[in-house]
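> This is the structure alone, sequence omitted:
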């Protein structure tokens, strides 16, 4: 017979440090997936890059371009742009 879960009043209390660490790890995983998804979804990211280069605002972008617009803005930094070009070249 599988063990029964403990009632809520018997669960050990999780410290604030542990909760913050979990949130931190989830945010890092989300950001990694977000950035690395630009390779397979370069067509969508390109929309953000194109509009960012033209100086258009976020309200002028189609939805996929809005999602990747922050990466397009980060690509204005030379080191980020070089890394991004290298990474996308693996996919196209």
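Now that the structure is in, tell me what you want to look at. Since this is a predicted model, take the numbers as computed values, not measurements.
> Which helix or strand in this protein has the lowest average pLDDT?
Scoring the helices and strands of the chain by mean pLDDT, DSSP states H and E places helix 42-54 at the bottom, with a mean of 68.
> helices or strands up against the next helix or strand after it?
Sequence order places helix 63-74 as the next helix or strand after helix 42-54, per DSSP states H and E. When contacts are defined as 3 or more CB pairs under 8 Å, 6 or more residues apart in numbering; DSSP states H and E, helix 63-74 sits against helix 42-54, helix 78-89. (C-beta placed from N, C-alpha, C; glycine too.)
> let's see it at 10 Å
Helix 63-74 is packed against helix 16-36, helix 42-54, helix 78-89, with contacts defined by 3 or more CB pairs under 10 Å, 6 or more residues apart in numbering; DSSP states H and E.
> Can I get the ones you listed in TSV including mean neighbour count and distance to residue 2?
Formatted as TSV, those follow (neighbours: other CB atoms under 10 Å; distance: least, CB to CB, whole Å):
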stretch	mean neighbour count	distance to residue 2
helix 16-36	10	25
helix 42-54	17	44
helix 78-89	12	45
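> just so I know, which of those lies nearest residue 69?
Closest to residue 69 of the helices and strands packed on helix 63-74, according to CB to CB: helix 42-54, at 4.2 Å.
> ok so, going back, what's the closest of the helices and strands packed on helix 63-74 to residue 72?
helix 42-54 (3.8 Å).
> And residue 33, how far from residue 17?
25 Å (CB to CB, to the nearest Å).
> Next: residue 23.
11 Å.
> ok, now residue 88?
Residue 88 is 38 Å from residue 17, by CB to CB.
> and if you look at residue 41?
36 Å.
> do the same with residue 4
29 Å.
> Same question for residue 79.
Relative to residue 17, and taking CB to CB, residue 79 is found at 33 Å.
> pLDDT weak spots in the protein?
Filtered on pLDDT under 70, the chain yields the residue ranges 1, 5-11, 44-45, 47-61.
> Go ahead and confirm residue 38 touches residue 46.
Yes: the pair formed by residue 38 and residue 46 meets the contact definition of CB atoms under 10 Å, at 9.4 Å.
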